[in-house]
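1. this one's sequence-less:
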């Protein structure tokens, strides 16, 4: 059985080979083809095109198409797997994506051809969760604003929240979505002594230090609202203008998930009018953030350039995590990370 792994800047050939090495015991021969970009910025731009336009938005090299029919499995992180490549891979049984989202794969075409699609859920959960805590603290304690002021020679404590600077202990933090990332965020917040409420239609109580509420209650009661839901057509603008206006005037909103989960224009308006205290954001409707973005003029928002999930630990561990899922598949186990409901015949 042959596996084609398409490497990229974040998961280069060596890391891909080392991470998938355990599959040799199950008769899987791994070949690696690079998806090359001159700079990291070029890769990020290509990835954004794929996220917005699907797997046909960016092309692969002709060489990949020429060898595709040799392989039973294709593994990728950011490189696209369009319908044309799936159709060229006559022996293909499984496509593995080394992250949670599968926007770069033509899932419908794969399903039509009875090809399984696996993802790697939770592969950067710790990275995003840690960054979420960092953004919460940066915003409520003015860490980023203080840093910028000092670098401009200004010693100040005149911040938008100067009369309401909180500690996390005893505060109510609402988590919109409670998957792998949300659970880690809750664990970290529990150590700070925060009260944690969650809104997630799929959540089932299981010993977590949280209380389940509906979304409106969460928005009204929370001192901090943090977004961790999956972005789907039905969750577009899940946090609407109406819900933003329900927030406490001393509350902040944090988004390290997807920009489309929040009505960005409405968020800009409630921030500019001080209807809420502030926000901390890693994601935006337009990336890179335009030079004329209104976010750049606001003094009550902490913004970072879509970096929450980008740790080397997360990238390096992804092939190992996927290999473990694939080994479980070889062993006939269930509860596999199958995206399209097709169980591959690999044995």
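-> Okay, I see it. Model, not experiment: these values are computed from the prediction.
2. how far is stretch 332-346 from where the chain is centred?
-> Using CA atoms, centre = their mean, to the nearest Å, the mean C-alpha position of stretch 332-346 is found 22 Å from that of the whole chain.
3. average pLDDT across it?
-> Confidence for stretch 332-346, expressed as mean pLDDT, is 91.
4. Okay, buried residues for that stretch please.
-> Applying a neighbour-count criterion of 16 or more other CB atoms under 10 Å, one finds 337-340, 342, 344, 346 buried in stretch 332-346. Any C-beta I mention is one placed from the backbone N, CA and C, and that applies to glycine too.
5. So which of these is the closest to residue 36?
-> Checking those against residue 36 by CB to CB gives residue 339 as the nearest, at 26.8 Å.
6. Might you report the residue contacts of the nearest residue to the closest one once chain neighbours are set aside?
-> Distances taken as CB to CB, 6 or more residues apart in numbering place residue 117 nearest to residue 339, at 4.3 Å, with adjacent residues excluded. Residue 117 makes contact with 94-97, 102, 105, 107, 110-111, 338-340, 342, according to CB atoms under 8 Å, 6 or more residues apart in numbering.
7. Over to residue 236?
-> Listed by CB under 8 Å, 6+ apart, the contact partners of residue 236 are 260-261.
8. Return the distance of it relative to residue 261.
-> Between residue 236 and residue 261 the distance, using CB to CB, to the nearest Å, works out to 8 Å.
9. Which strand or helix spans the closest residue to residue 184 other than its chain neighbours?
-> Leaving aside its sequence neighbours, residue 184 sits nearest to residue 129 (CB to CB, 6+ apart; 3.6 Å). Using DSSP states H and E, residue 129 sits in helix 125-140.
10. Now do that helix: distance to the chain's middle.
-> 13 Å.
11. So which elements touch that helix?
-> In terms of contacts (3 or more CB pairs under 8 Å, 6 or more residues apart in numbering; DSSP states H and E), helix 125-140 is packed against helix 180-192, strand 224-227, strand 252-255, strand 278-281, strand 301-303, helix 312-330.
12. any idea which helix or strand comes after that helix?
-> The helix or strand immediately downstream of helix 125-140 is helix 143-151, counting by DSSP H and E.
13. Show me the contact partners of that following helix.
-> 137-138, 155-156, 159, 299, 302.
14. would you turn those into a markdown table with pLDDT, neighbour count and distance to residue 242?
-> Converted to a markdown table, those look like this (pLDDT from 0 to 100; neighbours: other CB atoms under 10 Å; distance: CB to CB, whole Å):
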| residue | pLDDT | neighbour count | distance to residue 242 |
| --- | --- | --- | --- |
| 137 | 98 | 16 | 29 |
| 138 | 98 | 19 | 28 |
| 155 | 97 | 7 | 41 |
| 156 | 96 | 12 | 35 |
| 159 | 97 | 17 | 28 |
| 299 | 97 | 10 | 25 |
| 302 | 98 | 23 | 25 |
